[in-house]
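Chemist: the following comprises the amino acid sequence and a computationally predicted model.
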Amino acid sequence: MRHLHFVAAMCAALCLLAAAPARAAVNVVTTVPDLAALAKAVGGEYVDVQSMALGSQDPHRVDAKPSLALALNRADLLISVGLDLEIGWLPNLLTGSRNPRIQMGSPGYLNASQFVRVLEIPPGKVDRSEGDVHPGGNPHYLYDPRQGAAVARGIAERLAQLDAKHAADYRANAAKLTAEIDKAREDWEKRLTGLRGAPVIAFHKTTAYLADWLGFEPIAFLEPKPGIPPNPSHVAGVLVLARQRKARMVLIESYYNDREAKMLANMIPAPLATLHGGTDFRAGETYIQHINEMVGALEKGLAGSKGG
Amino acid sequence: MSSVSRRLHGALVAVSIAALLSAANAVAQESPPPPPSHAGSDTPDAGADAGASEVPPGLTAEEMAEIQKAFGGDTQQGVPSSTSAAPDGKPGGALPLSIPGAGSGTNFLDLSFILDIAAAGFSSKEPLQGGAHDPTRNGFNLQQLELSIGSVVDPYFRFDANIVYSQFGVEIEEAYGTTLALPHSLQVRAGQFLTRFGRMNATHPHSWDFVDQPFAFSRVFGAEGNRGLGVELSWLTPLPWFVEVTGSATDATGEATARSFLGASGDRVLSPLDLQLTGVVKQFFPLSDDLSLMWGLSAATGPNPTGYRNRTDIYGTDLYLRYRPITEASDTLLTFQVEALYRRRQVPDDVLTDYNGYAQLAWRFSQRWATAARYELGTAAHGKGGEVVTDPLDPEWTQNRNRVSANLTYWPTEFSRLRLQAARDRAGWRDEADYSVFLALELVTGAHGAHAF
């Protein structure tokens, strides 16, 4: 009997320990670090933010680690990219989280794609002979800072709804962030005017929003179809096209193996620009810093000698 | 214990489960309180606040009390859209049948078909392949055609089913509901499901690293693995690391699903002790960004048909180590997986014990290619005195059996898979080792399924 009491007391103490710090702020979990950076900028001191994927990770292929289910279990708000980007790993975690607050349709679940002008929505019927297409449209919208600002405003509204006490702060922060993004954008656009109309080769179909923003033209992709690794005959075709159209650069995300991209860049020849797929949120990077770094990489590519 | 009181006991368990479910429903229905009017939200119908029982900001305690009073006792009144039962006056649910909009990204039912076929060659006339989805004969084998169905039923339940078509019929492998809105990190599954015993048992061939099932499961539980009709309660503990505690009660009959328990003998259930009870603790340790460890402890107990109150107990442990670099571009995935099962059976005048297990190493070395190796061991049944005795379920199993398998896998995409596998099976009671080779093709079509860890 005495043993039982001890065990019960230990359990109670552990429960208290684990539960105590959670109430202090709105606990936000995001699927990708760009969303985490935006949520932190909007929520400031009133939110704790955690990203499930790292910036160095391909957001299509994240392991559904049980520790992520644990993070979701304790979340007040889950923010996802949507458009089926996380379909391979989020649904099981969401069910396993046992957290009714963040289930789809609850106020604690925010699909950020609703704030975005979605591009590349496939017309008509979709099947997987096209590769791993996203039937809802291209989900890589956070490359465009204009979309990022729209998402930040959406996050602010949802935070205001969940934590009405600080609603004004959230809206003010979102307005401040939007102003900062707009200001930085002028500079970025000026630095990258040279990209306007430029033919560019990319690895995966992540460039739609970047192209929409900066006005370059993605003429071909190293992946023959989304999710299918490059093969020699396809790369040869891309090379011919790239030379014909005088491609200005080759773009690749840092989470992809860049062997083929490097080779292609050397053979065209054209500079290779490696973009970080996501904000390094864990190291304290902000969304603006992340876009700024990306702009820097593109600028370097633009200036870089051919074959670089 | 008289049979009447046993029956009462069973009824009590059923009633308390029902009460738990309905309590959860009520809690879930209370949780989204009306939105604060000044929130100016883009989704005006959504409720607010993290703490469900607290007064939401913008409301006084009196207003909250009034709301609670108005809903007191009957939380279903006036909220027809959020009840699991059909609302009053609209028997059968008057909602129009919605056709999932093509291209809108919404769908009410996720359907997918998984086809597994294999060409096989065996050196033995009678191969020792125990799994229901294993290739078992020379030539072409239809391992399975699995229809996997998943859907959220309402805010409180989701539904999952796996219907397996074989050449000889259709089988409901799994069909269960899972609660989504129970409080206190609890979750109930009810229906027909694979128990969470160990690591492999709850999974389907699609997520296996080998063409066939480890023989430990077909020997201890049956060709289909351990499953049954029943109910399962699991709890995600509030500890700082992932600790999940699961308990289930399932029916203990079935030659292919519970052969160490009642098996094919159709004894009547007179008390909860006539069911198979399973308990599992799973822990997860993210050792680093790249390396993670999952550890499980499982136990199952149930009656066996060899005599009055004779029982079978099975204990298992499983370890899963996964290395996948995510801090830099890499296609590498290295996994190591071990499971060991210890079985103890009471039979007339003796207690039989044996060990079964496997260890496997899988290495994906590029986006499309992987290789894997597996070692399996199953001992003969030993009696109380340590001597080898005749196993009533597998009378020929009088010595150790070990099997070594190795394979090479190629994925054109994540929806298709080709696998070439070879094995050497040394069953001590046979004159010589058996050899086998499989070439298996898997095709997955339909909804994009989510991968479990």
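Modeler: Sure, I can see it.

Chemist: nearest spatial neighbour of A:His140, skipping sequence neighbours?
Modeler: Of all residues not flanking A:His140 in the chain, A:Thr206 sits nearest, at 4.2 Å (CB to CB, 6 or more residues apart in numbering or on different chains). Just so you know, the C-beta spots here come from the backbone N, C-alpha and C atoms, and that holds for glycine as well.

Chemist: any idea how far that neighbour lies from A:Asn111?
Modeler: Going from A:Thr206 to A:Asn111 by CB to CB, to the nearest Å gives 19 Å.

Chemist: same question for B:Gly225.
Modeler: Distance from B:Gly225 to A:Asn111, by CB to CB: 36 Å.

Chemist: more neighbours: which of the two?
Modeler: B:Gly225 (25 against 16; other CB atoms under 10 Å in any protein chain shown).

Chemist: please tell me how far the more buried one sits from chain A.
Modeler: 19 Å (CB to the nearest CB, to the nearest Å).

Chemist: for that residue, give me phi and psi.
Modeler: Torsion angles at B:Gly225 (phi, psi; degrees, to the nearest 10) stand at phi 80, psi 170.

Chemist: and it, what does it touch?
Modeler: Taking CB atoms under 8 Å, 6 or more residues apart in numbering or on different chains, we find B:Gly225 in contact with B:Gly131, B:Leu194, B:Met200, B:Asn201, B:Gln213, B:Phe217, B:Ser218, B:Thr257.

Chemist: my read: the first one touches B:Ser218, true?
Modeler: Right, B:Gly131. Yes - B:Gly131 is in contact with B:Ser218 according to CB atoms under 8 Å; the separation is 5.0 Å.

Chemist: count of neighbours near A:Lys125?
Modeler: 8.

Chemist: for the nearest residue to A:Pro66 once chain neighbours are set aside, grab phi and psi.
Modeler: Take A:Pro66 and drop its neighbours on the chain: the residue closest to it by CB to CB, 6+ apart is B:Phe284, 3.9 Å away. B:Phe284 adopts backbone torsions of phi -130, psi 130, taken as degrees, to the nearest 10.

Chemist: contacting residues for B:Phe284?
Modeler: So B:Phe284 contacts A:Lys65, A:Pro66, A:Ser67, A:Leu70, B:Trp241, B:Phe242, B:Ser292, B:Leu293, B:Met294, B:Trp295, B:Phe453 (CB under 8 Å, 6+ apart).

Chemist: helices along chain A, start to end?
Modeler: Secondary structure of chain A (DSSP state H): helices at A:2-19, A:33-43, A:66-73, A:90-96, A:145-162, A:167-191, A:208-214, A:232-245, A:259-267, A:287-303.

Chemist: pick the most buried one from the ones you listed.
Modeler: Highest mean neighbour count of the helices of chain A: helix A:33-43, a mean of 28 (counted as mean count of other CB atoms under 10 Å in any protein chain shown).

Chemist: list of residues touching it?
Modeler: Contact with helix A:33-43 is made by A:25-26, A:28, A:30, A:47, A:49-51, A:53-55, A:77, A:79-81, A:112, A:142, A:148, A:151-152, A:155-156, A:159, A:170, A:173-174, A:177, A:278-282, A:285-287, A:290, as judged by CB under 8 Å, 6+ apart.

Chemist: what separates it from the chain centre, distance-wise?
Modeler: When C-alpha coordinates are averaged (CA atoms, centre = their mean, to the nearest Å), helix A:33-43 and its chain have centres 11 Å apart.

Chemist: ditto for stretch B:404-411
Modeler: 24 Å.

Chemist: ok, the residue of the stretch 151-300 of chain A found nearest chain B to A:Pro123 distance?
Modeler: Using CB to the nearest CB, the closest approach of the stretch 151-300 of chain A to chain B is made by A:Ala164 at 4.0 Å. Using CB to CB, A:Ala164 is found at 42 Å from A:Pro123.
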